[in-house]
Structure formats: C-alpha cells, structure tokens
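Engineer: predicted model follows, preceded by the sequence.
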Amino acid sequence: MRKRAIVLGLATLTIAFALPRVAVCQQLTVQDDAGKVTVLSRADIEALPHVKVSVAGGSSMASTPTTSTSANKVAATYEGVALKAVLEKAGAGFGESLKGKRMALCLLAEAADGYRVVLALPELDPAFTDKQIVLAYLKDGKPLDEKEGPYRVVIPDEKRMARWIRQVIKLRIVDVH
C-alpha cells in the first residue's frame, strides 16, 4: 500500500512538472520594431485566421540548410496562420505604414536550436507580394512533432527550404538601416 502511494505521488509530481513545460514550449515571443515584447500562447495563434498549404517536401527538413534530393521531397499539407497575422497580433504595422525607413525592417525568426533566418518585412505584406508565408503548427492534420514544432515557417514557393525554420520560439523585427 505504501509503495502504491509513493508511486502515485511520483507520478503526480512528474505530471505537475511536465505540464508547465508543455505550456511554455507552445508560447511564441514576438518583438516589434519599437522593442515591445508580446508572448502569444498557442490559443492566441490558433484564434487567427487559418491557412492551409500543400507542398512538396518538408518531411525531413532540418532547421539547418540541407541539399534537396528527390528522396526527401515528400508531399505534405501544413496548417497554421499567416506569419503576417502573427506579427500584426503583436502590434507590427503593415500596409500604408510600411514605407520609407520601415522598408529596412526585417523579421529575424529564431529556433530553439539557435538557427536563425531573415525575411524582409515587405515579403510578408500582400501590398508587395502574393507570396504566402505560413507559421505552421499542423502537418497532415497532426501537431508538428518535437523535431519540427511547435511552430515552423513554411514558404511554399521557395526552391530551397533553408528558410523553412523549425522549432520557432521567437520572432523579432530588426532594423538593418
């Protein structure tokens, strides 16, 4: 009886300590060009308009650049939200406000493993391009696994997938002016 109580107690502690880590890893930190930091939860992100894209490749893509071969080009469907919508939710401005000195702003996306990629802010704005850039959290209808998730940037029309950063934890708007 005493052993069962100890095992039950240990199991409860394990669950109690695991739950906060799961919640934290689902958070995304966004810093706008004024330096304001916003932490978005998974629920905040999922509340944004939903986007779904089908692509060739992505199943074995690492956050570090790799050479594409026909062996790793597997069709997949990613679901998430427009990256622009995430930035707007955190207060970043697009549209008419994206002009002049703001044209020298870039998005620095950072992964849990330290990998970083840069996207020019106009690449995210429909006033400049029809390119679709998605912050995905589902792949083929299932949450991204721990190698890719919780979030991944997906850019369907790019020939190389080096900017398809996985394990995204932070987005920062930086000035290269």
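Structural biologist: Received it, and whenever you're ready, just let me know what you need. Numbers count the residues shown, from 1 in each chain.
Engineer: hey, which helix or strand in the chain has the poorest pLDDT?
Structural biologist: helix 2-25 (a mean of 45; mean pLDDT, DSSP states H and E).
Engineer: show me where this protein has strands.
Structural biologist: 28-31, 37-40, 50-56, 75-82, 105-111, 116-120, 134-139, 142-143, 152-154, 168-175 (DSSP state E).
Engineer: is it true that residue 84 touches residue 95?
Structural biologist: No: Residue 84 is not in contact with residue 95 according to Cβ atoms under 8 Å; the separation is 10.1 Å. Bear in mind the C-beta positions are built from the backbone N, C-alpha and C, glycine included.
Engineer: neighbour count: the two, which is higher?
Structural biologist: residue 84 (21 against 10; other Cβ atoms under 10 Å).
Engineer: and the more buried one, what does it touch?
Structural biologist: 94, 124, 125, 126, 133 (Cβ atoms under 8 Å, 6 or more residues apart in numbering).
Engineer: before we move on, what about residue 124?
Structural biologist: 82, 83, 84, 87, 94, 107, 133.
Engineer: if we use 10 Å, what do you get?
Structural biologist: Taking Cβ atoms under 10 Å, 6 or more residues apart in numbering, we find residue 124 in contact with 82-88, 92, 94, 98, 107, 131-133.
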